[in-house]
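> Build me a model from this:
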Amino acid sequence: AAQKAFVEVSEEGTEAAAATGAAVRVGASRRAKPKLFRADRPFTFLIEDVRTGLILFMGRVSDPRQGD
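So this is what the prediction gives:
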């Protein structure tokens, strides 16, 4: 079975939602200077609850040029 999810990351924080209707809003954990992340090749990502260590979302972007 597959599950569709939506993840949006910005300087203000992260928003993620699964096809089941659950939604998670997470603020940026630190207000440090943002690091440049150039998504010009495939990559894997995860969103982890820093208090519990539980992985909330994990995904892979196979072709970042298809984004937007």
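
> Can you give me the neighbour number for F6?
For F6, the count of nearby residues is 11 (other C-beta atoms under 10 Å). Every residue, glycine included, has its C-beta placed from N, CA and C.

> Leaving out chain neighbours, which residue sits closest to it?
A17 (4.9 Å; C-beta to C-beta, 6 or more residues apart in numbering).

> least trustworthy helix or strand in the chain by mean pLDDT?
Within the chain, no helix or strand scores below strand 23-27, which has a mean of 56 by mean pLDDT, DSSP states H and E.

> Which residues does the residue nearest to F6 form beta bridges with?
Note on A17: beta-bridge partners by DSSP bridges are F6, A23.

> Need the per-residue pLDDT for it.
What the model reports for A17 is a pLDDT of 72.

> Pull the number of nearby residues for it.
16.

> any idea how far S10 is from it?
As judged by C-beta to C-beta, to the nearest Å, A17 and S10 stand 15 Å apart.

> neighbours around M58, how many?
Neighbours of M58 under the rule other C-beta under 10 Å: 12.
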